[in-house]
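**Student:** okay, sequence plus prediction incoming.
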Amino acid sequence: VQLVESGGGLVQPGGSLRLSCAASGFTFSNYGMSWYRQAPGKARELVAAISSAGGSTKYVESVKGRFTISRDNAKNTVYLQMNSLKPEDTAVYYCKAARAVGGYYEYWGQGTQVTVSS
């Protein structure tokens, strides 16, 4: 099982980034996917989540209207489009796959750094 994030980097305030998380080793379309982030000295927090078929999404209040989570089950990939980035969005971003049918299964990626700074 692998989750590999990409797309992080350094961006100026107000800029955009698109994170990708490519999955392998499990049936991607059976799993809900989510993005978390962890800033230095802070707890990891849920940023956005999407259901297995993509029909339902949710966001933490601080990113609503700026971030969009989506998935392509044909490509086994989940995305996080981040617009109007703010310095407080600086963190390591992780993707997570989770399924609670026939037991609980959870997988995490290694993370990708997003830095918002002028």
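**Tutor:** Perfect, I can see it now.
**Student:** pLDDT score for the residue in the chain sticking out farthest from the centre?
**Tutor:** Relative to the C-alpha centroid of the chain, counting by C-alpha atoms, centre = their mean, residue 102 is the outermost residue, at 24.6 Å. Residue 102 carries a pLDDT value of 82.
**Student:** next: residue 86.
**Tutor:** pLDDT, residue 86: 98.
**Student:** that one touches residue 12, doesn't it?
**Tutor:** No. Assessed by C-beta atoms under 8 Å, residue 86 is found out of contact with residue 12, at 10.7 Å. Where C-beta positions appear, they are placed from N, C-alpha and C, glycine not excepted.
**Student:** give the residues shared as contacts by these two.
**Tutor:** By C-beta atoms under 8 Å, 6 or more residues apart in numbering, residue 86 and residue 12 have these common neighbours: residue 116.
**Student:** so for these two, which residue has more residues nearby?
**Tutor:** Between residue 86 and residue 12, residue 86 has the larger neighbour count (other C-beta atoms under 10 Å), namely 13 against 10.
**Student:** which ones are touching that one?
**Tutor:** By C-beta under 8 Å, 6+ apart, the residues touching residue 86 are 13, 116.
**Student:** the residue farthest from the centre of the chain and residue 27, how far apart?
**Tutor:** Here residue 102 is placed at a distance of 12 Å from residue 27 (C-beta to C-beta, to the nearest Å).
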